[in-house]
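> quick one: sequence plus predicted model below, questions after.
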Amino acid sequence: MVGKVDGPKEAYWYSNSLYVDFNTKRLLIRGMRTLDINNQLLEHYKKYIGEPDLINIETISESLNINLIIFQANDQRDFHTIIPSGMSSLPAQVSEDNKNWEYTELIMYLPPSWPVAIEDIIDFKDYWPFGWLRKLGKFPNERDTWFCYGDTIPNGDPPEPIANNNDFTGMLLLPPIREDEGFSSLMLSKDKTIQFLVVCPIYQEEMEYQLSKGFGALLEKFDEYNINDIVEINRLNTCKQG
């Protein structure tokens with residue numbers, strides 16, 4: 001566990017962000033700077049995921065600006081892919097032994113029925129994945145820490161359910177095994193390689209099991225019950241007794 005996050009409580013992007021079709025991303029919007037996405041990262045996403053559809057641009061932030069790139073479900077990928085952009089613009093505070101985790105980016109997979117266009121997101125039960133990705137994208141820089149596979153991030157202390165439509169109390173970071181092998185890391189230069197991590201909501205019992213038994217043991221539980229990395233708000237709790 002790398003520390004707790006006070007998770008988002010309301011859908012706040014209506015007042016501090018701009019939602020546009022991705023193809024208009026380079027237009028200069030009056031009163032704000034143009035959107036800056038690393039071209040190597042963008043080409044990496046296009047190669048392995050496809051063309052992005054939408055982007056939610058954060059216009060007001062006290063720290064890093066975290067924009068959300070949205071790849072909508074299609075015939076080739078029957079789930080939405082959400083990638084926050086901006087986290088890897090700054091190095092995380094890592095030890096010499098963990099230099100390969102100095103730069104990371106996150107991913108979350110949502111079922112095709114999940115609303116991803118702003119006009120379809122009615123309340124917080126639809127919004128929380130986007131809010132959590134934005135929170136986590138800022139977390140290493142704000143807390144002088146770093147992320148890697150197996151990290152858990154509880155929602156508060158003590159952990160609380162992340163939304164009123166589910167009982168998840170935190171997030172687990174997974175390797176991107178859904179993607180082709182070449183996706184998992186991207187070398188931008190000899191001094192900068194980005195690692196990709198999948199954000200998966202988990203139950204309190206699963207978080208406690210991971211902390212006591214280890215990351216591998218929890219993954220075995222997921223395999224036993226056929227749990228995958230696409231968000232499913234009513235999925236089985238693999239570690240709940242009875």
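Yep, that arrived.

> what is the neighbour count of Pro111?
Neighbour count of Pro111, defined by other Cβ atoms under 10 Å: 13. (C-beta placed from N, C-alpha, C; glycine too.)

> quick one, strands of the protein?
17-21, 54-58, 67-71, 80-85, 103-110, 152-154, 170-174, 185-189, 192-202 (DSSP state E).

> what's the shortest one packed up against?
The criterion is 3 or more Cβ pairs under 8 Å, 6 or more residues apart in numbering; DSSP states H and E, and the helices and strands that strand 152-154 contacts are strand 170-174, helix 204-213.

> thinking again about what came up before, out of the strands of the chain, which comes closest to Lys46?
Lys46 sits nearest to strand 67-71 of all the strands of the chain, at 9.6 Å, using Cβ to Cβ.

> got a list of contacts for the closest one?
Applying Cβ atoms under 8 Å, 6 or more residues apart in numbering, the contact partners of strand 67-71 are 22, 35, 37, 45, 49-58, 77, 80-86, 116, 130, 133-134.

> select only the buried ones of these in ChimeraX?
Here is the ChimeraX selection string for the buried members of the contacts of strand 67-71, based on 16 or more other Cβ atoms under 10 Å:
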select :22,35,37,45,49,52,53,54,55,56,57,58,77,80,81,82,83,84,85,86,116,130,133,134
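
> okay if I get the helices and strands packed on strand 152-154 as CSV plus mean pLDDT and mean neighbour count?
CSV is the format used below for the helices and strands packed on strand 152-154 (pLDDT from 0 to 100; neighbours: other Cβ atoms under 10 Å):
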stretch, mean pLDDT, mean neighbour count
strand 170-174, 97, 23
helix 204-213, 96, 17
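
> pipe those into JSON lines and attach distance to Met187 per row.
Shown next, in JSON lines, are the helices and strands packed on strand 152-154 (distance: least, Cβ to Cβ, whole Å):
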{"stretch": "strand 170-174", "distance to Met187": "21"}
{"stretch": "helix 204-213", "distance to Met187": "30"}
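
> CSV please, covering the strands of the chain and showing distance to Pro91.
Below are those laid out as CSV (distance: least, Cβ to Cβ, whole Å):
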stretch, distance to Pro91
strand 17-21, 25
strand 54-58, 20
strand 67-71, 19
strand 80-85, 16
strand 103-110, 6
strand 152-154, 20
strand 170-174, 18
strand 185-189, 12
strand 192-202, 8
